[in-house]
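Peer 1: 3D model of this:
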Amino acid sequence: PHLQVVPDLVIRRPIPDHTWHIWTLARDAEAGGVRVVVFEEFERYMLWPRELVLVYCRDFAILPTRQEATKYQCRAGRLASAMTGKRWVSGVTLVGVDPIFGVNIGHDRYNSFPILNASMSLWEQMGRPEEVSVLCFPQACDLLRRSGRRIRILEEEPVAVQHFGVHLEHAVIPVFVTRAGSWTSLYPPGAYNLAHREEMSRPRKKSERKYIVYCSRRYQGSRKIPPQLEAELIDMLNRSLSAIGGLELRVFARPSYELSHSDVKDDADLFYGASAVLNPILGSATLNLIQSRAGTVVVEMLSGKVSSDMSIHTISISHARGLRYFVLFPSAPEAENWWYFDSRPLYWFNATEFHDFAIGVLRATHVV
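Peer 2: Next comes the predicted model:
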C-alpha cells in the first residue's frame, strides 16, 4: 500500500499457522488467592500477519508527490532524488526500517526491528553476501556492528516521517500482510529474534539486589498518568516492596540512548535483570521485554481504547519469550470521547487498584 507504482517483483511467503496464532486474555483463574487472567489461544485475529511479502524495486526512493505527501517509489527519477538530497547507493540493499520511520523513537523501534529481522533472515538465506547493504535505524545499526556481521550498513537518521535519505539502486522491502490482505504493524512472535539473540548472547554483570522495573510514560505526549497520581503509585509500590521482600523499584521513563546517545545495551541489561516488569499504561517500553529472561513476570493494564490493538505486541513478545503475563482490567470507566493518542492525563486511573493487583501477582508468582 505504500508503493506509488507497480514494483518489479513481489514474492509472497506464507507465515506458518503456528507463528501467527496469538495468546489472548480470555479466562480467569485463581493463583494464591489472587484472581488473574491466563493465556488462551485465539486463532482468527484479522490484523495478525499471514504473509511476509518481499517487494523488489529498482531505483527505490521516497519522494514528495503532488499530494504533498511522501511515498515509496519504484523507478524513481535519479535527478529528482538528487535534488532532494538523497544519497545514491549502488548494489542491493535490504530495507530494515519501518515504512513510516520517524514518527517517534518508540514507534521506530517497535516496528523496525521486525522488518530488520526479516531482512537479516533473507541475508542469511542468500549466503551472507558481503556486498549487500542493509538500511537500519541507529540503535539497530549499533546492534549489527557489535554482532560482527560482514554486511554494508546504511544508517537512517530519524529526521522526519518517511525520510530515507538514500536512493537505492536495488531494494528489497519486507512487508507483513494480514489475512484480509492489508499491511499491518503487528508481528509474529519470532519477529524480534534478531535483537533478542544478539543481546542475550552478550555477557552481563549480575545485579547485587533483586529489582522490579516500573514503566512510566511521564515524558510522552499521550496516555500519561497524572504526575501526582503516578507519584502516589510509585510511593505505594516502593513501600510495599520494601516491607515484604526488600526489592528495589527501578523506574524506566526514557530510553538510555535518548538521554546519553548510547545504544540499546543499557536498556537491555535493565530488563534482562528484572524479576518483574510493571507497565500500568501500554507503550513502547514493553519492546524491551524481548531481552527479558523466561519466567519474568509482566503486569499490565488493558482497557478498551487504552489497550487498542497495540496490546498484542506485549502479548506476542510474552508468548514468544516464555514470560508470565498478567493483566488488570480496571473497574473505572474511561473518560468520554477519550482516544488512544489523547493528550489528556488519565485522571480516571486507579493507583490503588493497580498497586493491589500488581503486589498480589508478585506474591502469587513468588517474586516477593
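Peer 1: which strand of the protein spans the most residues?
Peer 2: strand 49-64 (DSSP state E).
Peer 1: so what strands line up beside it?
Peer 2: strand 9-14 (antiparallel), strand 70-73 (antiparallel), strand 166-178 (antiparallel) (DSSP bridges).
Peer 1: which strands or helices does the helix or strand where residue 212 lies pack on?
Peer 2: Per DSSP states H and E: residue 212 is located in strand 211-215. Here strand 211-215 touches helix 227-244, strand 248-252, helix 265-273, strand 276-279, going by 3 or more Cβ pairs under 8 Å, 6 or more residues apart in numbering; DSSP states H and E. From N, CA and C alone the C-beta is placed, and that goes for glycine too.
Peer 1: compare the ones you listed and give me the one nearest residue 74.
Peer 2: Smallest distance to residue 74 across the helices and strands packed on strand 211-215 (Cβ to Cβ): 36.2 Å, for helix 265-273.
Peer 1: what comes up buried for that closest one?
Peer 2: Buried residues in helix 265-273, counted by 16 or more other Cβ atoms under 10 Å: 265, 267, 268, 269, 270, 271, 272, 273.
Peer 1: and it, average pLDDT?
Peer 2: Averaging pLDDT along helix 265-273 gives 86.
Peer 1: which helix in this structure has the most residues?
Peer 2: Counting by DSSP state H, the longest helix found in the chain is helix 105-125.
Peer 1: ok and that helix relative to helix 265-273, angle-wise?
Peer 2: 90 degrees (axes from the mean of the first three to the mean of the last three Cα atoms, to 10 degrees).
Peer 1: list just the nearest of the buried residues of helix 265-273 to residue 244.
Peer 2: residue 273 (19.9 Å).
Peer 1: contacts only, for residue 113.
Peer 2: Contact analysis of residue 113 by Cβ atoms under 8 Å, 6 or more residues apart in numbering lists 140, 191, 192, 194, 195, 287, 290.
Peer 1: for residue 247, see how far away residue 139 is.
Peer 2: Going from residue 139 to residue 247 by Cβ to Cβ, to the nearest Å gives 29 Å.
Peer 1: nope, residue 319 is what I was after
Peer 2: From residue 319 to residue 247 the distance is 26 Å (Cβ to Cβ).
Peer 1: returning to what we had before: what about the contacts of residue 113, which are in helices?
Peer 2: Using DSSP H, those in helices are 140, 194, 195.
Peer 1: how about the residue located most distally from the centre of the chain, phi and psi?
Peer 2: In the chain, counting by Cα atoms, centre = their mean, residue 79 sits farthest out from the average C-alpha position, at 36.1 Å. Phi and psi for residue 79, reported as degrees, to the nearest 10, are phi -70, psi -50.
Peer 1: so what touches stretch 244-256?
Peer 2: Residues contacting stretch 244-256 (Cβ under 8 Å, 6+ apart): 105-106, 109, 209-219, 234, 237-238, 241, 262, 264, 266-267, 270-271, 274-275, 285, 288, 359, 363, 367-368.
Peer 1: how about residue 75, secondary structure?
Peer 2: coil (DSSP: H, G, I helix; E, B strand; the rest coil).
Peer 1: which non-adjacent residue is nearest it?
Peer 2: residue 59 (5.2 Å; Cβ to Cβ, 6 or more residues apart in numbering).
Peer 1: likewise for residue 241?
Peer 2: residue 247 (4.2 Å).
Peer 1: let me know the pLDDT of the residue nearest to residue 52 when sequence neighbours are not counted.
Peer 2: Ranked by Cβ to Cβ, 6+ apart and with sequence neighbours excluded, the top spatial neighbour of residue 52 is residue 13, at 4.6 Å. Residue 13 is assigned 81 on the pLDDT scale.
Peer 1: list the contacts of residue 13.
Peer 2: Residue 13 touches 51, 52, 53, 54, counting by Cβ under 8 Å, 6+ apart.
Peer 1: count of neighbours near residue 360?
Peer 2: 19 (other Cβ atoms under 10 Å).
Peer 1: am I right that it falls within a helix?
Peer 2: Yes. The assignment for residue 360, made by three-state DSSP, places it in a helix.
Peer 1: so who does the residue nearest to residue 314 when sequence neighbours are not counted touch?
Peer 2: Spatial nearest neighbour of residue 314, excluding adjacent residues (Cβ to Cβ, 6+ apart): residue 286 at 4.5 Å. Going by Cβ under 8 Å, 6+ apart, residue 286 touches 215, 277, 279, 298, 300, 313, 314, 317.
Peer 1: which phi and psi does the nearest residue to residue 213 once chain neighbours are set aside have?
Peer 2: Closest residue in space to residue 213, ignoring its immediate chain neighbours: residue 274 at 4.4 Å, by Cβ to Cβ, 6+ apart. Phi and psi for residue 274, reported as degrees, to the nearest 10, are phi -70, psi 140.
Peer 1: picking that back up, quick one: which of residue 319 and residue 247 has more around it?
Peer 2: Using other Cβ under 10 Å as the criterion, residue 319 and residue 247 rank with residue 247 on top: 21 against 18.
Peer 1: count of neighbours near residue 359?
Peer 2: Residue 359: 21 neighbours (other Cβ under 10 Å).
Peer 1: please name the nearest non-neighbouring residue to it.
Peer 2: residue 240 (5.1 Å).
Peer 1: just residue 300 next, same as before
Peer 2: residue 279 (4.6 Å).
Peer 1: list the contacts for the one you found?
Peer 2: Residue 279 neighbours (Cβ under 8 Å, 6+ apart): 215, 285, 286, 298, 299, 300, 301, 314.
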